[in-house]
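[1] sequence isn't available, so here's the structure alone:
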Ligand code: NDP
Ligand code: 2IT
């Protein structure tokens, strides 16, 4: 292993030297690099061709100015990004995030993760990500529209249905995709394969809205079944109350689990009777309100400020569906103490490196983001297929394919885990299974 250790250390040193101010990107990249050590030991050709040296460097990254006018007449300027990380197996594919925390480190970590996630779906899509430090909270529809139009005026130079296909992420849902699409069309004419997550009236796919949350539960079901256990009757904590959290709540409840929490960046609600889906949907999808309002409507629920991961209750399953690094090492220790058997990640990289170490040390079965939340991008790729053939598939057709894809991701991760003798390390299993297809494609295509 000496060569492998030296190679990985050199790569990490290069990243630290090049990107000293990108902690999230380092976290994501170093985790994958460490997981791949056994693969490199078996495949010296990947070291010889320096495949990982290419993998950790985006093919290109755009940063641009986004000027827009607020309702009060003032002029604002935000920063926009699109990182085209890897196109070895298909066009760049990945969401756009609108959140004040967005910077190049965040976009690069998300784009890097997307490479392996997209590979795991089995569909021909490469990895990319974008976004802006624009904060959509408290903005009017007109302000959101003007921002999206300005953002797309620049982004449209770099994307295309066979080149790079953005979609939603935090702060980008159906409303924003509509405004972005409208501006693209004004500038380039109608090409509905340019974005995914579109409205059903103009080329969107049935089940895309539900896909990430439903996919998370399909993956979780496969993971639990793999341990000869079942989701029915289990108590679940969910964080977040956005797109992923809502449809994870819906599907988990349908499957007979009891979800007792949802949250936002201010606080969380705990309802020991089980969270009521319709109330959450009314507050978040219709009124665009705060999760605090849930406790004003449902008498058995209690609202508290702070992180849901600091709430000390007995439960079985943790589904973080909010944001990166939302569970730190101490919170992971509480997860272990509270008797949790399974953690499956709806959000991207919600567990810190210390948190993951605590899961593994305590035999918590851990389903990592790039496997567990791949359902969203998988159905995005199915939306691209439907756009190409100018047809719309039924909800059941898309949902059945989604379920098959998520079960297959579990099986591929499990197979890699077994091949390398990793003892139920589904994180390394997913990293290895996602990597192998990309690495073979990169080798086949020569020095790229
Ligand atoms: P939404 O914007 O719909 O919802 C985000 C939720 O997370 C909100 O409840 C939000 O609370 C909370 N949140 C965001 N930032 C923070 C923060 N810094 N601290 C605490 N809570 C926070 O986004 P999605 O549901 O689409 O995305 C959630 C996660 O899932 C992200 O990690 C995203 O990358 C990932 N994901 C999304 C996919 C998709 O298809 N949408 C696909 C795969 C992964 P608040 O309103 O207070 O900000
Ligand atoms: O993190 C993700 O996989 C997404 N935000 C979805 C990306 C997509 O292209 O649908």
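    Arrived safely. Computed from a predicted structure; not experimentally measured. Ligands and ions are numbered 1, 2, ... in the order given.

[2] average pLDDT for the helix or strand where residue 47 lies?
    Assigned by DSSP states H and E, residue 47 belongs to helix 44-48. Across helix 44-48, the average pLDDT comes to 95.

[3] buried residues, the longest strand seen in the chain. List them.
    Secondary structure of the chain read by DSSP state E shows that its longest strand is strand 75-86. For strand 75-86, a neighbour-count test (16 or more other C-beta atoms under 10 Å) marks 78, 80-86 as buried. C-beta here means a position set from N, CA and C on the backbone, and glycine is covered the same way.

[4] ok, it: who's next to it in the sheet?
    strand 60-69 (antiparallel), strand 126-132 (antiparallel) (DSSP bridges).

[5] so is it next to ligand 2?
    No: under the criterion of C-beta under 6 Å from any ligand atom, ligand 2 is not reached by strand 75-86; the shortest gap measures 12.5 Å.

[6] one more: stretch 356-369?
    No: on the criterion C-beta under 6 Å from any ligand atom, stretch 356-369 is out of touch with ligand 2, staying 8.1 Å away.

[7] check the residue of the stretch 51-200 of the chain found nearest ligand 1 and give its pLDDT.
    Proximity to ligand 1, evaluated over the stretch 51-200 of the chain using C-beta to the nearest ligand atom, is greatest for residue 170 at 4.1 Å. We have a pLDDT of 98 for residue 170.

[8] list the contacts of it.
    97-99, 242, 323 (C-beta atoms under 8 Å, 6 or more residues apart in numbering).

[9] next: residue 207.
    Shown in contact with residue 207 (C-beta under 8 Å, 6+ apart): 214, 379, 395, 398-399, 402.

[10] likewise for residue 132?
    Residue 132 sits next to 66, 78-81, 96-98, 102, 147, 151 when contact means C-beta under 8 Å, 6+ apart.

[11] just to revisit the earlier point, of the contacts of residue 207 - the most surrounded one?
    Counting neighbours by other C-beta atoms under 10 Å, residue 379 comes out on top of the contacts of residue 207 with 30 neighbours.

[12] is that residue in contact with residue 204, as I believe?
    No: at 10.2 Å, residue 379 does not count as touching residue 204 under the criterion of C-beta atoms under 8 Å.

[13] pLDDT score assigned to the most centrally placed residue in the chain?
    Central residue of the chain (C-alpha atoms, centre = their mean): residue 348, 4.2 Å from the mean position. Each residue has a pLDDT score; the one for residue 348 is 98.

[14] so how far is residue 80 from the nearest residue to it once chain neighbours are set aside?
    Excluding the flanking residues, the one nearest residue 348 by C-beta to C-beta, 6 or more residues apart in numbering is residue 369, at 5.0 Å. Relative to residue 80, residue 369 is positioned 24 Å away (C-beta to C-beta, to the nearest Å).

[15] return the most buried member of the strands paired with strand 75-86.
    Neighbour counts (mean count of other C-beta atoms under 10 Å) averaged over each of those peak at strand 126-132, with a mean of 30.

[16] okay, buried residues for whatever helix or strand comes next after it please.
    Using DSSP H and E, the helix or strand that follows strand 126-132 in sequence is helix 141-155. Neighbour counts over helix 141-155 (16+ other C-beta under 10 Å) mark 143-155 as buried.

[17] so helix 141-155 versus strand 60-69, what angle?
    Comparing the axes of helix 141-155 and strand 60-69 via axes from the mean of the first three to the mean of the last three C-alpha atoms, to 10 degrees yields an angle of 140 degrees.

[18] right, is helix 141-155 up against ligand 1?
    No: when contact is scored as C-beta under 6 Å from any ligand atom, no part of helix 141-155 falls within range of ligand 1; the minimum is 12.8 Å.

[19] show me what the next helix or strand along the chain from that helix is packed against.
    Going down the chain from helix 141-155, the next helix or strand is strand 164-167, by DSSP H and E. Other helices and strands packing on strand 164-167, by 3 or more C-beta pairs under 8 Å, 6 or more residues apart in numbering; DSSP states H and E, are strand 75-86, strand 92-98, strand 126-132, helix 375-389.

[20] can you put those in a markdown table and add distance to ligand 1 and mean pLDDT?
    Shown next, in a markdown table, are the helices and strands packed on strand 164-167 (distance: least, C-beta to the nearest ligand atom, whole Å; pLDDT from 0 to 100):
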| stretch | distance to ligand 1 | mean pLDDT |
| --- | --- | --- |
| strand 75-86 | 14 | 98 |
| strand 92-98 | 6 | 98 |
| strand 126-132 | 9 | 98 |
| helix 375-389 | 3 | 98 |
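
[21] and these as TSV, adding distance to residue 232?
    Below are the helices and strands packed on strand 164-167 laid out as TSV (distance: least, C-beta to C-beta, whole Å):
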stretch	distance to residue 232
strand 75-86	39
strand 92-98	32
strand 126-132	35
helix 375-389	21
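
[22] ok, which of those comes nearest residue 328?
    Judged by C-beta to C-beta, the one of the helices and strands packed on strand 164-167 that comes nearest to residue 328 is strand 92-98, at 21.3 Å.

[23] angle of the closest one against helix 141-155?
    Angle, strand 92-98 to helix 141-155, by the same axes, to 10 degrees: 140 degrees.

[24] can you tell me which helices and strands strand 92-98 packs against?
    Judged by 3+ C-beta pairs under 8 Å, 6+ apart, strand 92-98 is in contact with strand 75-86, helix 104-120, strand 126-132, strand 164-167, helix 174-188, helix 375-389.

[25] try 10 Å this time
    Strand 92-98 sits against strand 75-86, helix 104-120, strand 126-132, helix 141-155, strand 164-167, helix 174-188, helix 375-389, with contacts defined as 3 or more C-beta pairs under 10 Å, 6 or more residues apart in numbering; DSSP states H and E.
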